[in-house]
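Novice: what's the 3D shape of this:
(chains A and B)
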Amino acid sequence: MGLLGLAALLAAGGYGTARPAAAAAMPGAAQPANFPAMTYALAKNQPNRATFELGRALFYDPRLSSSGTVSCGSCHQQSRAFTDGRTLALGVAGRRSPRNAPTLQNLRWRTSFMADGGVHGLELQALAPLTSPAEMNTPLATALARLNADPAYRQRFAAIYGPGTIDTPQFLRALAQFTAALTSANSRYDRYVRHEAGGTLTAPERRGHALFVAKCGGCHAGELFSDNSFRNNGLDKSFPVDSGRAHITLLPADAGRFAVPSLRNVARTAPYMHDGRFATLPQVLAHYAHGVRPSRTLDPLLRPPGGRLGIALNETQQADLLAFLNTLTDNSFLTDKRLADPTLETKPATLRVEAAVTAVLFGR
Amino acid sequence: MLTATLSCAPFALAFFTIPMRTRSFTTLCGLLFVASTAVFVGCKKDSDPEITTPGEVDLQISNVVGTKALALDGTAYATPAGETFTVATLKYYVSNLKFTKSDGTVYAAPNTYFLVDQAQPASQRLAITGVPAGTYTGVSFVVGVDAATTQADPLGLTGALNPANSMYWVWATGHISMKMEGTVTSASPARPITCHIGGYTDPNNAIVTATPALNGNVLRVNGSHTSTIAVQADVLKLFDGANHITLSTFSNGMMPGPEAMKVAKNYAAGMFTVTKTQVN
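Specialist: This is a model prediction of the structure:
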């Protein structure tokens, strides 16, 4: 593909597929050519500009928290692939969540939500952080009352859903238009597998790719880099604080099992694991190489024949894997202005600087 | 009167044209009754058994604690074991109502989801419309929301099912079937009791069905009137029955699990009692 062709493709917002301009103009509305079919299909909540922008406004609105200071975007910052850089998420009144804020990307392809899979759908997912006392701490009825008391929101909802009170389905579906739009499919790796311009990998990256498929692909499978399963990756011998999947199923066989995270943009989503215990990717690789701890529910893939737990990886292999993982960073996603806080667009330059300074000073 | 005559005519016709030797004596008596009703009552609407338009059934629920009416005003109630407690909140779902006829046929009322809230008297009258005419001898309902609905598209989460009603677990998708909150005043010191029952996955599937007996009463339904079933719901039966639960040591569960199962089995079996059926 020539440069002109690439420019046309990027302008249309596509990921290797030609799409009608209107649909593709909406962030995340195009089907990446190398991805499987969407789980949360477009038809379930047909993307349109007004609803997407409404969802975006809700996502970044701190008035939805009890303190008026925490929005979805506080813990899900675009530059960090919608994570927050903290070990444990920070909610209202300085409260700590029991878990690390997960990345928000490619949610259209998820079959369950949260590290323990307790939430069944993208639309319902937003209720968990909204109402959790350690996060935004706002009962749903309170959030709806606040929206209904705001003439601007009333007008925007009415324009989409018709006149009347803003209700639960409207609220959840508008928000989901934004979260569903967070598609990351334009990393250098993607361009490599789609044979697009700029899609070249260096020799170490290619070696890392082959290693990855062979040694990590059992769980971080396919183009989404997760098989959507729950697994115990050997972090602990017992799980007194957080039993993961067993918290939902109450089955002993699920103790210590957590959702396999996607590794897209993984270089930007530190720290790692459900409790944020590893600060860097080399630490994560070292864990798999020689830190895996035994327990009754340890994943079989981490119990290879021979008795040595974990994944055999020498130093060179770890370096190659690291090189490959860095190719999964999707800068067009991390900097797409359409996914950024809309209030920053309209604020005067001085306020934007102030916000940036605040983010630098207090962001981590 | 012309209309009445016309509508009665087929019965008279039927009576005279059916070959009598092929019919049992019972059938004959029935036909005689129908015919005589047609002739003597003149198809007066209110008592005409041939009204076949669907009717409304109202379940009128009274929440009680043993023999006393439930109040959320701090009144202390005693359990049979001698513990005392107050109730601050009592909310539960009643859904998927079914009515059974004496011949065993069952009418499942579609889209029947009610949230009974002791704090809202209007919520204690459950109006089920469109019930096919007939004489029913049994009633049953799910205490809670069926698993399919609770996991369904959020578009359906309106009205009684709205998660904004504080009867919904957001961390483990699904409605709370039964919520009772109060204080165990006999504990020393007094301690709060929080009883949120839910869960729809085995082995902790707490979605249970109550089938309170009509005790020989019947429920006559047709479009000419509203039929009422008066139901008492006894809070004491949450903690007694197959599984006795000591309030002072209750784990205050707010998640599915074995203890929730015990409470659910208790209320399925013993909480609901039909006290009266009547035609209004």
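
Novice: give me the element B:K276 is part of.
Specialist: For B:K276, the host element (DSSP states H and E) is strand B:272-279.

Novice: packing partners for that strand?
Specialist: strand B:226-234 (3 or more CB pairs under 8 Å, 6 or more residues apart in numbering or on different chains; DSSP states H and E). Backbone N, C-alpha and C define where each C-beta goes, glycine included.

Novice: that older thread, describe which strands the strand holding B:K276 pairs with in its sheet and in which direction.
Specialist: When sheet partners are counted by DSSP bridges, strand B:272-279 sits next to strand B:226-234 (antiparallel).

Novice: Going by neighbour count, list what's buried in the strand it pairs with.
Specialist: B:227-229, B:231-234 (16 or more other CB atoms under 10 Å in any protein chain shown).

Novice: If you tally nearby residues, what's the number for the spatially closest residue to A:L235 that is not a sequence neighbour?
Specialist: Spatially, and ignoring its direct neighbours in sequence, A:L235 is nearest to A:M273 (6.2 Å; CB to CB, 6 or more residues apart in numbering or on different chains). A count of neighbours around A:M273, defined by other CB atoms under 10 Å in any protein chain shown, yields 18.

Novice: Dump the buried residues of strand B:226-234 to TSV, plus pLDDT.
Specialist: Formatted as TSV, those follow (pLDDT from 0 to 100):
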residue	pLDDT
B:S227	95
B:T228	96
B:I229	96
B:V231	97
B:Q232	98
B:A233	98
B:D234	98
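
Novice: Next, residue 123: secondary structure please.
Specialist: Since you didn't name a chain, this refers to chain A. helix (DSSP: H, G, I helix; E, B strand; the rest coil).

Novice: Chain B, not that one
Specialist: B:S123 ends up helix, using three-state DSSP.

Novice: go on, the one 4 residues further on?
Specialist: Following three-state DSSP, we place B:A127 in the strand state.

Novice: how close does the residue nearest to A:L235 get to chain B?
Specialist: Per CB to the nearest CB, to the nearest Å, A:M273 is found 20 Å from chain B.

Novice: contacting residues for that residue?
Specialist: A:M273 is in contact with A:100, A:235, A:284, counting by CB atoms under 8 Å, 6 or more residues apart in numbering or on different chains.

Novice: Try it again at 10 Å.
Specialist: A:87, A:99-100, A:115, A:233, A:235, A:258, A:261, A:283-284, A:287 (CB atoms under 10 Å, 6 or more residues apart in numbering or on different chains).

Novice: What of A:P252?
Specialist: A:243, A:246, A:296-297.

Novice: now with 6 Å?
Specialist: Counting by CB atoms under 6 Å, 6 or more residues apart in numbering or on different chains, A:P252 makes contact with nothing.

Novice: before we move on, what about A:L325?
Specialist: So A:L325 contacts A:V266 (CB under 6 Å, 6+ apart).

Novice: got a pLDDT number for it?
Specialist: The score at A:L325 is 98. That number is its pLDDT.

Novice: Can you tell me how far it is from chain B?
Specialist: Distance from A:L325 to chain B, by CB to the nearest CB: 31 Å.

Novice: in which helix or strand would I find that residue?
Specialist: Using DSSP H and E, the element containing A:L325 is helix A:315-326.

Novice: just to revisit the earlier point, and the contacts of the strand holding B:K276?
Specialist: With CB under 6 Å, 6+ apart, strand B:272-279 has contacts from B:210, B:212, B:214, B:217, B:219-220, B:225, B:227-233.

Novice: next structured bit after the helix holding A:L325?
Specialist: For helix A:315-326, the succeeding helix or strand toward the C-terminus, using DSSP H and E, is helix A:331-334.

Novice: I'd like to know how many residues surround the residue lying closest to A:A141 once chain neighbours are set aside.
Specialist: Distances taken as CB to CB, 6+ apart place B:A164 nearest to A:A141, at 4.2 Å, with adjacent residues excluded. When counting by other CB under 10 Å, one arrives at 19 neighbours for B:A164.

Novice: wait, doesn't B:A164 sit right on A:T142?
Specialist: No: at 8.8 Å, B:A164 and A:T142 do not qualify as touching, with contact defined as CB atoms under 6 Å.

Novice: before we move on, back to that, return the members of the contacts of A:M273 classed as buried.
Specialist: Buried members of these, scored by 16+ other CB under 10 Å, are A:87, A:99-100, A:115, A:233, A:235, A:258, A:261, A:284, A:287.

Novice: now those as TSV including secondary structure?
Specialist: Output for these, formatted as TSV (three-state DSSP):
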residue	secondary structure
A:T87	coil
A:R99	coil
A:N100	coil
A:A115	coil
A:N233	coil
A:L235	coil
A:F258	strand
A:P261	coil
A:V284	helix
A:H287	helix
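
Novice: residue contacts, the residue nearest to A:A141?
Specialist: Neighbouring residues of B:A164 by CB under 6 Å, 6+ apart: A:140-141, A:144, A:168.

Novice: tell me the pLDDT at B:A172?
Specialist: For B:A172, the model assigns a pLDDT of 88.

Novice: Likewise for B:F40?
Specialist: Residue-level pLDDT assigned to B:F40 equals 39.

Novice: ok, B:K262 - contacts?
Specialist: With CB under 6 Å, 6+ apart, B:K262 has these contacts: B:N243.

Novice: mind listing what's buried in stretch A:46-59?
Specialist: Those would be A:47, A:51-59, for stretch A:46-59 by 16+ other CB under 10 Å.

Novice: Adding distance to B:M261, pLDDT and secondary structure, write these out as TSV.
Specialist: Output for these, formatted as TSV (distance: CB to CB, whole Å; pLDDT from 0 to 100; DSSP: H, G, I helix; E, B strand; the rest coil):
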residue	distance to B:M261	pLDDT	secondary structure
A:P47	43	96	coil
A:T51	42	97	helix
A:F52	43	98	helix
A:E53	46	97	helix
A:L54	42	98	helix
A:G55	39	98	helix
A:R56	43	98	helix
A:A57	43	98	helix
A:L58	38	98	helix
A:F59	38	98	helix
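
Novice: Can I get the residues you listed in TSV including distance to chain B?
Specialist: Listed next are the buried residues of stretch A:46-59 as TSV, based on distance: CB to the nearest CB, whole Å:
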residue	distance to chain B
A:P47	16
A:T51	14
A:F52	18
A:E53	20
A:L54	16
A:G55	14
A:R56	19
A:A57	20
A:L58	15
A:F59	17
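
Novice: will you turn those residues into TSV that also has distance to A:L175?
Specialist: Shown next, in TSV, are the buried residues of stretch A:46-59 (distance: CB to CB, whole Å):
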residue	distance to A:L175
A:P47	13
A:T51	10
A:F52	10
A:E53	12
A:L54	8
A:G55	5
A:R56	9
A:A57	10
A:L58	5
A:F59	6
